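Trainee: Requesting a structural model of the entry that follows:
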Amino acid sequence: MEYINVRSVHRLIGANYPLGVNSLANSLERFLQQLASHGDYLPRKLLDHNLSGRRNREISEFAHVDADFRLDLDVESGKSDLALLDYRVQTEHARDENEKRVVFHINMKYPDKANWAIHLPLQALIKRFGDVEDGYMCYAHTVTLMDAKGIPTDGDGQVYCGITSRNWLERMNEHFREIRSGSNKLFHRAWREFQGRSDVMLSSELVALNHTYEGAMGWEEWIVKRYMESKTSLNMIPGGFLGLKELHKLGYLNRDRDISVTDRDKALFEYAKEHPRIGMPNLLIAGLWEDDEYYEKVIQSRDNTLSKEQVIQIRQLYEDGHHVDNIVKDVGAINIGQVRRVIAGKTYSRMK
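Mentor: As a prediction, this is how the structure comes out:
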């Protein structure tokens with residue numbers, strides 16, 4: 001093959017393409033050769049960028065060509081269609097300058113269940129890209145509701161973002177096993193709830209690869225913050241280095257730096273176990289005890305509960321950056337769990 005590295009297709013898509021990886025690689029190769037034969041510089045530009053050896057891995061750089069390859073597959077019939085969406089021409093869909101790249105979209109339509117799409121940088125499948133498993137990978141999983149015409153009804157959907165030092169397929173399969181096992185993580189609960197619906201698109205995207213640890217953590221911090229601010233995030237805590245500080249303050253990590261992604265994920269698992277309702281509104285509880293004064297009176301009359309002053313002090317100390325262990329001692333709380341539940345808003349949420 002002149003353009004496609006079949007081994008990279010295997011390593012980044014694996015068994016997730018129903019017609020087989022070799023079939024996919026051949027389809028891509030034919031399409032790229034056809035483009036080149038019609039004078040399009042895109043295939044050669046991607047290959048030349050890889051051959052140059054000057055790709056900046058600090059920012060997981062790709063060639064600045066703005067286009068998408070979209071493959072639509074009807075899984076039941078096996079019919080597929082591969083097309084070029086050229087934003088060099090269709091400028092209304094053009095990406096920002098620092099986000100220009102060629103993304104390969106594989107949209108798989110299944111009968112009677114949620115559709116699934118895989119997205120990844122096409123350049124990583126081109127020859128001479130290098131070891132696709134070197135460094136850190138940045139990924140995102142999205143849940144999007146669709147109308148009868150297949151148009152998203154909720155914008156960009158709800159998004160979970162993460163990073164891994166291993167192959168993203170390995171981490172993806174771990175996520176799917178946790179989803180099936182009943183994991184309490186917000187992303188896992190959302191995916192589990194919607195995966196049986198035909199009006200839903202589930203998407204898995206490899207956003208960047210060959211990243212440094214600092215670069216990947218910085219990306220995750222930035223992207224999770226963006227989705228949290230738009231209230232479309234399925235992450236339970238901030239991303240990257242901000243997330244490490246949060247887990248440390250809550251007592252799930254013994255320090256807030258020099259933490260491996262694997263140890264961070266273990267701490268997140270424990271956090272999710274102890275906070276199974278985060279992100280899931282309880283409409284029954286929301287309608288109870290509408291009188292604040294009555295609520296406080298009932299709560300404070302019980303044994304082993306915190307006073308209003310203690311609750312306010314816990315929140316203030318946490319906002320000021322105090323570790324949860326020290327907060328327990330300072331306010332005279334029963335244990336770490338009691339303080340964590342206040343911080344998470346799981347208890348005493350009506351006390352202001």
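
Trainee: Put the alpha carbons of the longest strand along the chain into PDB.
Mentor: When the chain is parsed with DSSP state E, its longest strand is strand 200-211. Extracted in PDB, the C-alpha atoms of strand 200-211 (Å, rounded to 0.1, in the frame of the first residue of the first chain):
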ATOM      1  CA  VAL A 200     -29.200   7.700  20.300                       C
ATOM      2  CA  MET A 201     -25.700   8.000  18.800                       C
ATOM      3  CA  LEU A 202     -22.900   6.800  21.000                       C
ATOM      4  CA  SER A 203     -19.500   8.100  19.900                       C
ATOM      5  CA  SER A 204     -15.900   7.100  20.800                       C
ATOM      6  CA  GLU A 205     -13.200   9.500  19.600                       C
ATOM      7  CA  LEU A 206      -9.400   9.200  19.800                       C
ATOM      8  CA  VAL A 207      -8.600  13.000  19.800                       C
ATOM      9  CA  ALA A 208      -4.900  12.900  20.100                       C
ATOM     10  CA  LEU A 209      -2.000  10.500  20.500                       C
ATOM     11  CA  ASN A 210       1.800  10.400  21.100                       C
ATOM     12  CA  HIS A 211       1.200  13.100  23.800                       C
END
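
Trainee: what's next to the helix or strand that comes right after that strand, contact-wise?
Mentor: Where DSSP states H and E defines the elements, the next helix or strand beyond strand 200-211 is helix 213-229. The contact list for helix 213-229, computed with Cβ atoms under 8 Å, 6 or more residues apart in numbering, reads 57-60, 135-138, 140, 159, 161-163, 165, 207-208, 211, 233, 235, 238-243, 261. To be clear about C-beta, it is placed using only N, CA and C from the backbone, and glycine gets the same treatment.

Trainee: Can you flag the buried ones in those?
Mentor: Among the contacts of helix 213-229, those classed as buried by 16 or more other Cβ atoms under 10 Å are 60, 135-138, 140, 159, 161-163, 207-208, 211, 233, 235, 238-243, 261.

Trainee: now the helices: where do they sit in the stretch 251-352 of the chain?
Mentor: Per DSSP state H, counting those that start in this stretch, the stretch 251-352 of the chain carries helices over the ranges 261-274, 283-286, 292-300, 308-319, 324-331, 336-343.

Trainee: Contacts for the last one, please.
Mentor: Residues outside helix 336-343 that contact it (Cβ under 8 Å, 6+ apart): 250-251, 274, 306, 311, 314-315, 318, 324-325, 327-328, 331, 333, 347-348.

Trainee: Mind giving me the ChimeraX select for those residues, buried ones only?
Mentor: In ChimeraX syntax, the buried subset of the contacts of helix 336-343 is picked out as below (16+ other Cβ under 10 Å):
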select :250,251,306,311,314,315,318,324,327,328,331,333,347,348
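
Trainee: now, among the contacts of helix 336-343, which is nearest to residue 191?
Mentor: Using Cβ to Cβ, residue 274 is the member of these that sits closest to residue 191, with 20.7 Å.

Trainee: pLDDT value on that closest one, please?
Mentor: Listed pLDDT for residue 274 reads 80.

Trainee: Can you tell me how far it is from residue 134?
Mentor: Relative to residue 134, residue 274 is positioned 36 Å away (Cβ to Cβ, to the nearest Å).

Trainee: Which residue is the nearest non-sequential neighbour of residue 255?
Mentor: Excluding the flanking residues, the one nearest residue 255 by Cβ to Cβ, 6 or more residues apart in numbering is residue 248, at 6.2 Å.

Trainee: That neighbour: what's it in contact with?
Mentor: Contacts of residue 248 by Cβ under 8 Å, 6+ apart are 254, 255, 256, 323.

Trainee: those helices in the stretch 1-150 of the chain, which residues are they?
Mentor: Under the criterion DSSP H, counting those that start in this stretch, the stretch 1-150 of the chain contains helices at 6-13, 21-37, 42-52.
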